[in-house]
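**Student:** give me coordinates for this.
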Amino acid sequence: MNDGTPPAAPKARHTGWDELVSNHRLRFTLSCYLFLIVPVSLLTLFIYLPVLWAFWGSLYEFEIGGENRFVGVQNYAEFLFRDPTTLISFGNMLFLTLFAVCVRLTIPLLMAKLIFSLTRERARYFYRIVFLVPIVVPGVAVQLIWAGMIYADRGMLNELLRSVGLEEYVMGWLSDPHTALLAVACVGFPFVGGFEVLIYYAGLTGIPESVTEAALLEGCTGVRKFFAIDVPMVLSQLKLILILTIIGGVQAFENIMILTRGGPGFKTMVPGFWMYLNAFSFQRMGYACAIGVTLFVIIFTLTLINFRYFRSTEELEGR
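**Tutor:** Prediction:
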């Protein structure tokens with residue numbers, strides 16, 4: 001008997017389609033995990049395990065192939081409070097890192113802006129290639145060129161000073177205690193490395209056209225537009241370069257080893273090179289591990305601070 005109530009909708013029949021999709025997703029997820037096993041295993045073997053070994057080794061006094069003697073935190077106490085090179089090396093590291101941060105956050109950005117402002121695409125492409133070429137030159141070769149061709153007694157810098165009648169300023173730039181550290185910092189002048197220029201250029205090309213058009217309508221052009229629009233829109237790139245520069249500045253010692261070997265005296269010594277000397281010249285592996293762990297803690301702390309207080313473009317936009 002029909003009482004006016006509409007008949008209930010029939011229940012959807014279960015098909016094998018949902019089960020097929022679910023099985024496909026499960027197989028795809030498992031295959032992704034299987035492909036990840038190899039790189040994660042290699043990363044653990046060659047990165048994480050050596051780091052853990054360094055933490056363990058910093059608590060011992062030992063040589064390679066010799067017996068281990070547990071000393072606790074004595075290696076840390078010696079490096080932080082009794083080693084006469086600690087304050088000097090950390091001061092040099094701070095100066096070199098801050099110098100690198102200042103030049104890499106400004107000069108390459110200006111170069112990228114100049115390239116981006118060119119009207120012809122062919123000219124942009126040409127200058128991107130010009131600034132990219134230095135990347136293919138090995139860093140060791142760059143250091144050797146500066147040491148042997150620019151800073152040498154008969155190098156380009158001293159010969160330039162002689163040619164303009166400034167013989168009184170001719171000196172051994174890497175051997176003079178007053179100029180050695182600044183000479184090391186100035187390697188790479190004019191500081192327009194292709195990597196930073198390309199990173200900033202990519203950020204500038206990512207600025208939406210609507211933002212640029214709105215700025216033009218408001219009369220925001222030239223230098224005002226650069227600081228009000230361009231710089232805030234490339235904060236993500238600035239944050240990346242800042243992190244990489246800080247990490248590289250704290251870890252770096254190859255340039256010191258090639259150019260000055262920490263001299264004259266300890267005027268250019270940095271913690272990374274002091275760690276290297278203790279490990280492979282003085283055979284104090286435990287002490288070298290303690291220096292390395294200290295640098296790891298510094299880098300990790302600075303990276304966390306950078307992520308916490310240096311806001312990227314996406315964070316400013318609320319995304």
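**Student:** grab the longest helix from the protein for me.
**Tutor:** helix 16-43 (DSSP state H).
**Student:** pull the distance from that one to the chain's centre.
**Tutor:** Helix 16-43 has its C-alpha centroid displaced from the chain centroid by 34 Å (Cα atoms, centre = their mean, to the nearest Å).
**Student:** and residue 23, how far is that from residue 30?
**Tutor:** 11 Å (Cβ to Cβ, to the nearest Å). For glycine as for every other residue, the C-beta is placed from the backbone atoms N, C-alpha and C.
**Student:** same question for residue 229.
**Tutor:** 47 Å.
**Student:** neighbour-wise, which of these two wins?
**Tutor:** A count of neighbours by other Cβ atoms under 10 Å puts residue 229 above the other of residue 229 and residue 30, at 18 against 10.
**Student:** look up how far residue 88 lies from that one.
**Tutor:** Distance from residue 229 to residue 88, by Cβ to Cβ: 43 Å.
**Student:** can you give me the helices for the stretch 51-200 of the chain?
**Tutor:** Secondary structure of the stretch 51-200 of the chain (DSSP state H, counting those that start in this stretch): helices at 74-77, 86-104, 107-116, 121-132, 139-145, 156-163, 180-185, 194-205.
**Student:** most tightly surrounded among those helices?
**Tutor:** Neighbour counts (mean count of other Cβ atoms under 10 Å) averaged over each of the helices of the stretch 51-200 of the chain peak at helix 180-185, with a mean of 21.
**Student:** my guess is residue 299 meets residue 244, correct?
**Tutor:** No - Residue 299 lies out of contact with residue 244 (Cβ atoms under 8 Å); the separation is 11.2 Å.
**Student:** anything in contact with each of those two?
**Tutor:** Applying Cβ atoms under 8 Å, 6 or more residues apart in numbering, one finds that no residue jointly contacts residue 299 and residue 244.
**Student:** picking up where we left off before, of the helices of the stretch 51-200 of the chain, which approaches residue 293 most closely?
**Tutor:** Among these, the nearest to residue 293 by Cβ to Cβ is helix 74-77 (7.9 Å).
**Student:** tell me the pLDDT at residue 104?
**Tutor:** Looking at residue 104, its pLDDT is 91.
**Student:** what separation is there between it and residue 249?
**Tutor:** For residue 104, the distance to residue 249 (Cβ to Cβ) stands at 10 Å.
**Student:** tell me where the stretch 201-319 of the chain has strands.
**Tutor:** In the stretch 201-319 of the chain, no segments count as strands under DSSP state E, counting those that start in this stretch.
**Student:** got the contact list for the nearest residue to residue 101 once chain neighbours are set aside?
**Tutor:** Of all residues beyond its chain neighbours, the one nearest residue 101 is residue 245 (5.2 Å), with distances taken as Cβ to Cβ, 6 or more residues apart in numbering. For residue 245, the contact set (Cβ under 8 Å, 6+ apart) comprises 97, 100-101, 104-105.
**Student:** between the residues you listed, which is nearest residue 290?
**Tutor:** For the contacts of residue 245, the residue nearest residue 290 by Cβ to Cβ is residue 97; the value is 20.9 Å.
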